[in-house]
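Enquirer: This is the structure alone, sequence omitted:
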RNA sequence: CGGGGCGUAGCGCAGCCUGGUAGCGCACCUGCUUUGGGAGCAGGGUGUCGGAGGUUCGAAUCCUCUCGCCCCGACCA
């Protein structure tokens, strides 16, 4: 492909709405253009990269025994009603009506459709297992799309679904997909980690996320500095610290006292006003759930982890009570709730056990209690691990490890679904004994565009993108320095044809531009191998070859170019 | 959905407060010179100033409504 022919608009300035480096560079390097919030055009160069990722995914999935299918993007509401998610999924599900006023949605994920497809055909355990996948455009009406392809509303995803007759077989496939994902992201040249994760809206039993390490990542991951435990902070468990017994310290219990705290609602305000450390405060959060109104306590310097709370309560839904419900439960405006004298069920994080002479809301406006002590002043129904992990928390899985927090971009996610969808949608089969059983399912997703974006987050410099060879839109970038020089152009054309005949993807900048312009565009676009044809090297029957990621330039005889480039490309980096 | 901000040339922005008939840099077009890291000179403006309505002799500028986009938050008392 030649620059003069390709539709490749590069930009010196990035549009002001591009925040993160991958978004800026994708726009500047002419890979994508925005159509609407979270919705993008893929330009030729961008599509090439997308295709590279897709093909790696496709090859590895096929190798792992999965089969490619394609399902519709527009899905009738009935299937979603059957699974119950039409009600549950919320506003992210873009609902549309056809001309007959029938409800449809744009598929954000395809558990319902695939389950419907499989249940229609599979009757016997002999037809199992199955692993079907597609690479397709999804739509999720995200609250706040951002960061270009990183969190779009419309995005390309590989989603795979497996069906099994037994738990063991499903577990085996889960491991198979886990291993496959590791191979895929390794082939993409990414630094990543697989971490334990929450299952979220997809549901299911357990899951792992594949996180590309990047400071701009939207997720935080806790990982042990001693053992191989790693989990999304949403999920990460904490070894309860201390003995769990109050009063170990030298401090004596003081009498309970009510103090005036006009307008002081937040932990910062109260601790600042009373001149104490936030860890002395007991934060009281009033929740509404299917288990009734709950008061949940965490230490002032900690954050509640609702996923943990939900699990500990065994609740199926849970949300923070609104102002009115808070008043009803505590007789006070929000901001002044506390466990003392509270009638509702109280659940607390382990860390509450060790607070001596704590501070809580007094369940009346503009007042807090100080010197609050567990058991003497209030009772807790259940203790549990309820809070978000922070750096240096102790690892639950090993003896003396501490947790570190790093940021990551979620590029893949594997779920063991179990029978959530097969039961709801009646996807059954007959086993050897002729018994009717629900199929055991798994599902496995990879964000294609996000993987490309994540690669840029990890591989760039101030000049532009530095593609790893497997994702690069072209293998080599050929630059004839002066298109009006006959000797240079003859050589460049010869090298171009020679490399193409060798099966390589070659990009030639045949524009009548100055050297600086071409070099800068080359650095921006980030093709791994740069070959420069100029008069200096030509005198020695040579061209210059430079790797995008390296600084050094080497001369190479024109006759040896093909061999050299093939060598670099096949070495994979 | 709540708060804040922005919408002026393809991109980045100024002008708006204090109304007077639209500008800067880059890009783009023409010509000449130049040609190894974003060239120089000369010429060219490519715009419903997001849209609609209003105030006014006169609106990019003031007012109202509306649309779009961006940022922060959106359960953290």
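Expert: Thanks, I have the structure now. Bear in mind the structure is a predicted one, so any value in this text is a computation, not a measurement.

Enquirer: where does chain A have low pLDDT?
Expert: Regions of chain A meeting the criterion pLDDT under 70 cover residues A:199-205, A:240-250, A:573.

Enquirer: Okay, now the sheet partners of the longest strand anywhere in it, with direction.
Expert: Determined from DSSP state E, the single longest strand within chain A is strand A:403-418. Sheet pairing here is set by DSSP bridges, and for strand A:403-418 it gives strand A:206-213 (antiparallel), strand A:219-224 (antiparallel), strand A:440-447 (antiparallel).

Enquirer: contacts for the first one?
Expert: So that's strand A:206-213. A:178, A:181-182, A:185, A:190-199, A:217, A:219, A:221, A:232, A:406-416, A:446, A:451, A:454-455, A:457-458 (C-beta atoms under 8 Å, 6 or more residues apart in numbering). Where C-beta positions appear, they are placed from N, C-alpha and C, glycine not excepted.

Enquirer: just to revisit the earlier point, which one of the strands paired with strand A:403-418 is the most hemmed in?
Expert: strand A:440-447 (a mean of 26; mean count of other C-beta atoms under 10 Å).

Enquirer: relative to strand A:403-418, how tilted is the helix or strand just after it?
Expert: Counting by DSSP states H and E, the element after strand A:440-447 in chain order, helix or strand, is helix A:448-458. Following axes from the mean of the first three to the mean of the last three C-alpha atoms, to 10 degrees, one obtains 170 degrees for the angle between helix A:448-458 and strand A:403-418.

Enquirer: Helix or strand next in line after helix A:448-458, which one?
Expert: The element immediately downstream of helix A:448-458 (helix or strand, assigned by DSSP H and E) is strand A:460-461.

Enquirer: How about that next one and RNA strand B, touching?
Expert: No: judged by C-beta under 7 Å from any atom of the strand, strand A:460-461 stays clear of RNA strand B, getting no closer than 10.4 Å.

Enquirer: Starting from that strand, tell me which strands it pairs with and how they run.
Expert: Here, using DSSP bridges, strand A:460-461 pairs with strand A:464-465 (antiparallel).

Enquirer: Residues touching the strand it pairs with, excluding its own?
Expert: Strand A:464-465 is contacted from outside by A:25, A:28, A:29, A:456, A:459, A:523, A:524, A:525, A:526, using C-beta under 8 Å, 6+ apart.

Enquirer: following that strand, which helix or strand comes up?
Expert: Immediately after strand A:464-465, counting by DSSP H and E, sits strand A:476-480.

Enquirer: that older thread, so which of the strands paired with strand A:403-418 gets nearest RNA strand B?
Expert: For RNA strand B, the closest of these is strand A:219-224, at 12.4 Å, according to C-beta to the nearest atom of the strand.

Enquirer: Run the chain-centre distance for the closest one.
Expert: 12 Å (C-alpha atoms, centre = their mean, to the nearest Å).

Enquirer: any residue of it up close to RNA strand B?
Expert: No: judged by C-beta under 7 Å from any atom of the strand, strand A:219-224 and RNA strand B are separated, with a smallest distance of 12.4 Å.

Enquirer: Which neighbouring elements make contact with the helix or strand following that strand?
Expert: For strand A:219-224, the succeeding helix or strand toward the C-terminus, using DSSP H and E, is strand A:230-232. The contact analysis (3 or more C-beta pairs under 8 Å, 6 or more residues apart in numbering; DSSP states H and E) places strand A:230-232 against strand A:192-196, strand A:219-224.

Enquirer: what would those look like in CSV with distance to residue A:295?
Expert: Formatted as CSV, the entries for the helices and strands packed on strand A:230-232 read as follows, by distance: least, C-beta to C-beta, whole Å:
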stretch, distance to residue A:295
strand A:192-196, 29
strand A:219-224, 27
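
Enquirer: Around RNA strand B, which positions in the stretch 201-350 of chain A sit nearby?
Expert: A:265-268, A:270, A:283-287, A:298, A:303-304, A:306, A:319-321, A:323, A:326, A:334-337.

Enquirer: can you rerun that using 6 Å?
Expert: With C-beta under 6 Å from any atom of the strand as the criterion, the stretch 201-350 of chain A comes near RNA strand B at residues A:265-267, A:283-286, A:303-304, A:306, A:319-321, A:326, A:334-337.

Enquirer: Looking at these, which are in strands?
Expert: For these, secondary structure assignment (DSSP E) places A:283, A:284, A:285, A:286, A:319, A:320 in strands.

Enquirer: Pull the most distant pair out of the residues you listed.
Expert: Using C-beta to C-beta, those span at most 16.8 Å, a distance reached by A:283 and A:319.

Enquirer: The two: which has the busier surroundings?
Expert: Neighbours were counted for residue A:283 and for residue A:319 using other C-beta atoms under 10 Å; residue A:283 has more, 25 against 10.

Enquirer: got a list of what the closest residue to residue A:149 other than its chain neighbours touches?
Expert: In space, not counting the residues next to it along the chain, residue A:149 is nearest to residue A:449; the distance is 3.8 Å by C-beta to C-beta, 6 or more residues apart in numbering. Taking C-beta under 8 Å, 6+ apart as the contact definition, residue A:449 lies against A:50, A:149, A:152, A:155, A:156.

Enquirer: Same check on residue A:496?
Expert: Going by C-beta under 8 Å, 6+ apart, residue A:496 touches A:478, A:506, A:508.

Enquirer: and which of these is nearest RNA strand B?
Expert: Using C-beta to the nearest atom of the strand, the shortest approach to RNA strand B within the contacts of residue A:496 belongs to residue A:478, at 12.9 Å.

Enquirer: okay but the closest one is in contact with residue A:506, surely?
Expert: Yes: A contact is recorded between residue A:478 and residue A:506 when judged using C-beta atoms under 8 Å, the distance being 5.9 Å.

Enquirer: so what sits against both of those two?
Expert: A shared contact of residue A:478 and residue A:506, defined by C-beta under 8 Å, 6+ apart, is any residue touching both; here these are A:496, A:499.

Enquirer: Among these two, which residue is more densely surrounded?
Expert: Neighbour totals were compared for residue A:478 and residue A:506, and residue A:478 leads with 26 against 22 (other C-beta under 10 Å).

Enquirer: Return the set of residues that bridge with the closest residue to that one other than its chain neighbours.
Expert: Once its chain neighbours are removed from consideration, residue A:478 has its nearest residue in residue A:508; the separation is 4.2 Å (C-beta to C-beta, 6+ apart). Taking DSSP bridges, one finds residue A:2, residue A:478 as the beta-bridge partners of residue A:508.

Enquirer: Help me confirm that residue A:508 comes into contact with residue A:5.
Expert: No: Residue A:508 sits out of contact with residue A:5 when judged by C-beta under 8 Å, with a separation of 9.7 Å.

Enquirer: the more surrounded of the two?
Expert: Neighbours around residue A:508 and residue A:5, counted as other C-beta under 10 Å, are more numerous at residue A:508. The numbers are 25 against 10.

Enquirer: check contacts around the more buried one.
Expert: A:1, A:2, A:3, A:477, A:478, A:479, A:480, A:492, A:496.

Enquirer: One more pass at 10 Å, please.
Expert: Contacts for residue A:508 were tallied using C-beta atoms under 10 Å, 6 or more residues apart in numbering; they are A:1-6, A:474, A:476-480, A:492-493, A:495-496, A:499-500, A:531, A:533.

Enquirer: Mind giving me the ChimeraX select for those residues, buried ones only?
Expert: A single ChimeraX command selects the buried members of those (16 or more other C-beta atoms under 10 Å):
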select /A:1,3,6,474,476,477,478,479,480,492,495,496,499,531,533
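
Enquirer: Show me the contacts of residue A:449 that map onto helices.
Expert: Secondary-structure check on the contacts of residue A:449 using DSSP state H: residues within helices are residue A:50.

Enquirer: For the stretch 1-150 of chain A, just list every one of the strands.
Expert: Taking DSSP state E, counting those that start in this stretch as the test, the strands found in the stretch 1-150 of chain A are A:32-36, A:39-42, A:67-68, A:74-76, A:95-97, A:103-106, A:130-139.

Enquirer: In chain A, which residue sits closest to RNA strand B?
Expert: Across chain A, the shortest distance to RNA strand B (C-beta to the nearest atom of the strand) belongs to residue A:534, at 1.9 Å.
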